[in-house]
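> The following comprises the amino acid sequence and a computationally predicted model.
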Amino acid sequence: MLQYSAVRFIKHNKMLLLQSAKFIGAGLATIGLAGAGVGIGTVFGALVLGISRNPSLKDELFKMAILGFALTEAIALFSLMMGFFNPFRTITRQFFCLSADKKNKVRRQGTINPVINQTTSSS
């Protein structure tokens, strides 16, 4: 009985360690959001400087600033998406492996491909 509870305790601790590592990884993945904030500030700071130096290019500079903002924001959204996706990554991998294993088990029993069973049973 003592040996069983020790094994269960070790398995539980491994699960807790894995879960905490997933959330730490998710937090580290969102560090890219800080870089995106700095990038957006740089883009619009350069826009203000450019307009103050040459006001006649206001429309052209604004188009370039919006393009720079969109690209920088896309990087931030990718970082945020990875941060949200990271804790669930191995869970989905285990789910797909289990479902593939169930399909293979059904195929081995011969219920999913009756054409193969007919050709093998006639010969």
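Nice, thanks for sending it over.

> Next up, phi/psi of Asn54, please.
Torsion angles at Asn54 (phi, psi; degrees, to the nearest 10) stand at phi -140, psi 90.

> Likewise for Thr30?
Taking degrees, to the nearest 10, you get phi -80, psi 0 for the backbone angles of Thr30.

> Against Lys63, how distant is it?
30 Å (Cβ to Cβ, to the nearest Å). Where C-beta positions appear, they are placed from N, C-alpha and C, glycine not excepted.

> Neighbour count for those two, which is higher?
With neighbours defined as other Cβ atoms under 10 Å, Thr30 and Lys63 compare such that Thr30 has more, 15 against 10.

> hang on, isn't that one packed against Gly83?
Yes: taking contacts as Cβ atoms under 8 Å, Thr30 lies within contact range of Gly83: 4.0 Å.

> Which positions in the helix or strand containing Val48 come out as buried?
Taking DSSP states H and E as the criterion, Val48 maps to helix 32-53. Neighbour counts over helix 32-53 (16 or more other Cβ atoms under 10 Å) mark 32, 36, 39-40, 43, 47, 50 as buried.

> Now it: average pLDDT?
The pLDDT scores in helix 32-53 average 92.

> Check which helices and strands that helix sits against.
Other helices and strands packing on helix 32-53, by 3 or more Cβ pairs under 8 Å, 6 or more residues apart in numbering; DSSP states H and E, are helix 58-85.

> ok, and what's touching the helix holding Val48?
57-58, 61-62, 65, 68-69, 72-73, 75-76, 78-80 (Cβ atoms under 8 Å, 6 or more residues apart in numbering).

> CSV please, covering those residues and showing distance to Leu17 and pLDDT.
What follows is the contacts of helix 32-53, written out as CSV (distance: Cβ to Cβ, whole Å; pLDDT from 0 to 100):
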residue, distance to Leu17, pLDDT
Leu57, 56, 93
Lys58, 56, 95
Leu61, 51, 95
Phe62, 51, 96
Ala65, 46, 95
Gly68, 42, 93
Phe69, 40, 94
Thr72, 36, 91
Glu73, 35, 91
Ile75, 31, 89
Ala76, 30, 89
Phe78, 28, 88
Ser79, 25, 85
Leu80, 25, 85
